[in-house]
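Student: can you look at this prediction? I've put the sequence above it.
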Amino acid sequence: MVLGDSPKPDIRNSRTDRKYNMRNNFLINSVLTLLTASFVGGGAYMLPGLYQQRIDTEIDRVDHFGGEIQELATEIRIPTAALFAFRSLAIDYLWIRAEKLKQEGQYFDALYLARAICALQPNLGSVWDFQAWNMAYNISVGLPTGSERWEWVRAGFELVRDHGLKYNPRNLKLYWVIGWIFQHKIGAIADDYHRYYKLMFAYEMSPLLTPIYGDLTSRPNLADIKAMSELTTDYNELAADPGVKELMDSLLKTDPRFKSVEDVLSAMTALRISPPDQYAKEFGELIKSSADNPALWQLDRFSRARTLMKEWKLDPKVMHNLNMQYGPIDYVNAGEKKALDWRTPWAYSIYWAVQGLKYREFDIETTAEMNVTRLERLVYHSLQEMFHYGNVKIYQFQPESAFAQDTGREVFDTQQLELQIFNSQDLEMLQFAYQATVDLKKSYEGTDEEPPHGMDVAAENLMINGIQSLYLTGYRDFAQKYYDQLRNDFPEKEEYKPSLDEFVRICMRDQIKEITPKFASIYVMNILRDGYYQLALAEDENANVRQQWAQQIYDVYLRDFQNDPDPTKRTELPPMAELKYGALMEFLSDSGINTNIKGMLMSRISLEQPSLYDRIVREIERQQEEYRNATRQVDSEVQGPSPEQ
């Protein structure tokens, strides 16, 4: 070989190497493919088990009446997955755009963008928190009517409850957001339309808490909620009862719009608040004729429990447990247990606070300790609110002539009525409202943490208020029982050493000692006015408390101030009968009080005190005549003398 000539390649060896490499590559690729397939297959095989473990450990929330809770809409989830690295830019843009839309009053577009923002950051609890707060508080107050505001308040808590908790089931802050909206936005009085919110919540909850032939305005029943909690969540199991299956088959045939069991169950739930022509006449007739059929009651409970879970995310089992833990006691029936009034926003607040506290060990946020404290406060504050305002009365003011009279449609009559809601003190909540606070305080003993500031003072004041109310209502045994409990819990306090009678008298004196004597009659009359309001609502116990309270204060003034050596503290009070009559006339002439309420009070007086009724009528006629005379005189002065004069 000449120097500089390149060697000739060995073609045979080159071909052999290529074949060898191809075989090696094929074997490697085959092995990798088989490994990949085995990993994918193994993962797919294990996925159902892993998913079930997520459910069992409550990492994922499930609706036991209908499968997994609905995810965010597909039109939102698809762009979310498609954005990839551009998510941050998209999020920034959407935040800016949503805020601008809110300021421009384009609230519905802002709502859509809010959901898109949450979809892009589903595991960030603060995003759901902010958007819910924005809807319930900021956007709602920009609208002029109660119905419009309610829709935005509802959109706020539904965003967190139905979607936020799906992605963050152990985020305590989100449970607090739901509870706070109900306790503060709906339950408090800061919003001008708070009474409308309370009415709408009670209106939607009442059909779900009332048996099919029950009174929609009545308080939820402990036995009924317990029966719902013990019921199966699977319709196929329920239909194993031949009576249930037979009745369902018959109901399906009553209306051509009923295509499935689901349609019938929905109709049964909506039955009591639907317009008379919503369903076929035969449907109502069959429901009415089956009143004594146990299968109807089973289907009714199942449909209501299903709706509570699917629409309001309320598990009847948890509701029953909370009834047993915090439910009030019946003073009339020897202290029997009663159900919480789930028509009130405070019961709903308690539910979500307790649900959140189950995950107190899993909260990894830097504010975890604060979140636990907030949830604990929700519980005892809501119980205290139920003591002060948890007695719910829903009244129907439209005349009975508006009722539908067709056979089979009587169950629809309440739709014809105008409803109004009134809240007053619920003395039966005293024991558990107080005990929950005491128990929470004890839970901090032996730890490095301090209980929430002012909690014990609030509990003490609550018990003092309740003892006085029970004493004045006539439940002296219960008043003494709770007074003894107060003594045991605060043994060092000298003010609890006197007898119960003396304690109540001292409390009365302390309440009025800062009021100047010349305002004593006004103070007494204001209490009496509130008593007449309670009397109109047929809240005789609360009315009696006010009457007795006013009398006690009147007596204290006469005893302690009438002959006081200091002339500035002496007072001359009119006779109590005159104060009662004056308070009654002020109540009836107050334009701020609903006319229907005044009419209800006058109806009671006409039946129970006809002589007083006649006196009131004469006084009203006299005032009306004076008004007409004054009006004629003003008109004549404005018009001047007639031309003939």
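Tutor: That came in fine, so what should we check first? Note that the coordinates shown come from a computational prediction; the quantities given were computed from them, not determined experimentally.

Student: got the confidence number for residue 345?
Tutor: pLDDT for residue 345: 97.

Student: and residue 76, by the same measure?
Tutor: 50.

Student: just residue 167 next, same as before
Tutor: 87.

Student: from here on, count from 33
Tutor: OK, 33 is where the count begins now, so the last one is residue 199.

Student: quick check, it in contact with residue 156.
Tutor: No - in this structure, residue 199 is not within contact of residue 156 by C-beta atoms under 8 Å, at 9.0 Å. Using the backbone N, CA and C atoms, a C-beta is placed for each residue, glycine as well.

Student: those two: which is more packed in?
Tutor: The residue with more neighbours, out of residue 199 and residue 156, is residue 199; 20 against 17, by other C-beta atoms under 10 Å.

Student: what about the closest residue to the more buried one other than its chain neighbours, which SS state?
Tutor: Nearest non-adjacent residue to residue 199, counting by C-beta to C-beta, 6 or more residues apart in numbering: residue 154, 4.2 Å away. What DSSP: H, G, I helix; E, B strand; the rest coil gives for residue 154 is coil.

Student: how far away is residue 154 from residue 206?
Tutor: Distance, residue 154 to residue 206, by C-beta to C-beta, to the nearest Å: 12 Å.

Student: give the residues shared as contacts by these two.
Tutor: residue 200 (C-beta atoms under 8 Å, 6 or more residues apart in numbering).

Student: more neighbours: the two, which one.
Tutor: More neighbours surround residue 206 than the other of residue 154 and residue 206, with 24 against 19 (other C-beta under 10 Å).

Student: run the chain-centre distance for the host helix or strand of residue 315.
Tutor: According to DSSP states H and E, residue 315 maps onto helix 313-321. Helix 313-321 sits 32 Å away from the centroid of its parent chain (C-alpha atoms, centre = their mean, to the nearest Å).

Student: just checking, what packs against the helix or strand containing residue 209?
Tutor: Using DSSP H and E, residue 209 sits within helix 204-212. Under the contact criterion of 3 or more C-beta pairs under 8 Å, 6 or more residues apart in numbering; DSSP states H and E, helix 204-212 touches helix 157-165, helix 377-389, helix 400-421.

Student: how about CSV for the ones you listed, with mean neighbour count and distance to residue 588 added?
Tutor: Formatted as CSV, the helices and strands packed on helix 204-212 follow (neighbours: other C-beta atoms under 10 Å; distance: least, C-beta to C-beta, whole Å):
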stretch, mean neighbour count, distance to residue 588
helix 157-165, 21, 47
helix 377-389, 25, 33
helix 400-421, 22, 24
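
Student: would you reformat these as CSV and include distance to residue 635?
Tutor: Shown next, in CSV, are the helices and strands packed on helix 204-212 (distance: least, C-beta to C-beta, whole Å):
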stretch, distance to residue 635
helix 157-165, 45
helix 377-389, 31
helix 400-421, 25
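
Student: out of those, nearest to residue 357?
Tutor: Among the helices and strands packed on helix 204-212, helix 377-389 comes nearest to residue 357, with 8.6 Å by C-beta to C-beta.

Student: got the angle between the closest one and helix 204-212?
Tutor: Counting by axes from the mean of the first three to the mean of the last three C-alpha atoms, to 10 degrees, helix 377-389 lies at 170 degrees to helix 204-212.

Student: hang on, the earlier thing: other residues contacting the helix holding residue 209?
Tutor: Outside helix 204-212, the residues that reach it (C-beta under 8 Å, 6+ apart) are 157-158, 160-161, 164-165, 189, 192-193, 196-197, 200, 380-382, 384-385, 387-389, 391-392, 395, 397, 399-400, 403-404, 406-407, 410, 414.

Student: where along the stretch 533-677 of the chain do the helices fall?
Tutor: 552-568, 572-592, 608-621, 627-640, 642-671 (DSSP state H, counting those that start in this stretch).

Student: wait, I meant the stretch 33-182 of the chain
Tutor: Under DSSP H, counting those that start in this stretch, the stretch 33-182 of the chain gives helices at 43-88, 106-115, 119-135, 139-152, 157-165, 178-190.

Student: what's the closest of the helices and strands packed on helix 204-212 to residue 504?
Tutor: The nearest among the helices and strands packed on helix 204-212, by C-beta to C-beta, is helix 400-421 at 15.5 Å.

Student: what sits up against the helix or strand just after the closest one?
Tutor: Per DSSP H and E, the first helix or strand lying C-terminal to helix 400-421 is strand 423-428. Strand 423-428 is contacted from outside by 231, 234-235, 238, 248-249, 251, 373, 375-376, 446, 449-458, 569-571, 574, 628, 632, using C-beta under 8 Å, 6+ apart.

Student: what pLDDT does residue 49 get?
Tutor: 59.

Student: so where's the stretch 333-482 of the chain shaky on pLDDT?
Tutor: 395-400, 428-450 (pLDDT under 70).

Student: my guess is residue 416 contacts residue 462. True?
Tutor: No - here residue 416 does not reach residue 462: they are 9.7 Å apart, not a contact under C-beta under 8 Å.

Student: shared neighbours of these two, which are they?
Tutor: Common contacts of residue 416 and residue 462 (C-beta under 8 Å, 6+ apart): residue 494.

Student: where in this structure is the helix or strand with the lowest mean pLDDT?
Tutor: strand 99-100 (a mean of 44; mean pLDDT, DSSP states H and E).

Student: surely residue 344 touches residue 240?
Tutor: Yes - using C-beta under 8 Å, residue 344 is in contact with residue 240, at 7.4 Å.

Student: these two: which is more packed in?
Tutor: Neighbour count, other C-beta under 10 Å: between residue 344 and residue 240, residue 240 has more, with 22 against 17.

Student: the more buried one against residue 336, yeah?
Tutor: Yes - between residue 240 and residue 336 there is a contact under C-beta under 8 Å: 4.9 Å.

Student: between these two, what contacts are shared?
Tutor: What both residue 240 and residue 336 touch, as defined by C-beta under 8 Å, 6+ apart, is the set residue 301.

Student: stretch 246-253: which residues count as buried?
Tutor: 246, 248, 249, 251, 252 (16 or more other C-beta atoms under 10 Å).

Student: quick check: residue 338 is in a strand.
Tutor: No - read with three-state DSSP, residue 338 is helix and lies in no strand.

Student: any idea how far residue 57 is from it?
Tutor: Taken as C-beta to C-beta, the span from residue 338 to residue 57 is 59 Å.

Student: now do residue 334
Tutor: Applying C-beta to C-beta, the value for residue 334 to residue 57 is 63 Å.

Student: so the two - more neighbours on which side?
Tutor: Taking neighbours as other C-beta under 10 Å, residue 334 and residue 57 compare with residue 334 leading, 23 against 10.

Student: and that one, what element?
Tutor: Applying DSSP H and E, one finds residue 334 within helix 326-344.

Student: contact partners of that helix?
Tutor: So helix 326-344 is contacted by 95-98, 237, 239-241, 243-244, 256, 259-261, 263-265, 267, 270, 273, 275-276, 278-280, 297-298, 300-301, 319, 322, 346-348, 351, 380 (C-beta under 8 Å, 6+ apart).

Student: list the contacts of the helix or strand following that helix.
Tutor: Downstream of helix 326-344, the next assigned helix or strand under DSSP H and E is helix 348-358. Here helix 348-358 makes contact (C-beta under 8 Å, 6+ apart) with 254, 257-258, 260-261, 263, 337, 340-341, 369-372, 374, 379, 382-383, 386-387, 415, 464, 468.

Student: contacts only, for residue 271.
Tutor: Residue 271 sits in contact with 277, 280, where contact means C-beta under 8 Å, 6+ apart.

Student: my guess is residue 296 contacts residue 284, does it?
Tutor: Yes - here residue 296 reaches residue 284: they are 6.0 Å apart, a contact under C-beta under 8 Å.

Student: if you count what's nearby, which of the two comes out ahead?
Tutor: residue 296 (23 against 15).

Student: of the buried residues of stretch 246-253, closest to residue 518?
Tutor: residue 251 (27.8 Å).
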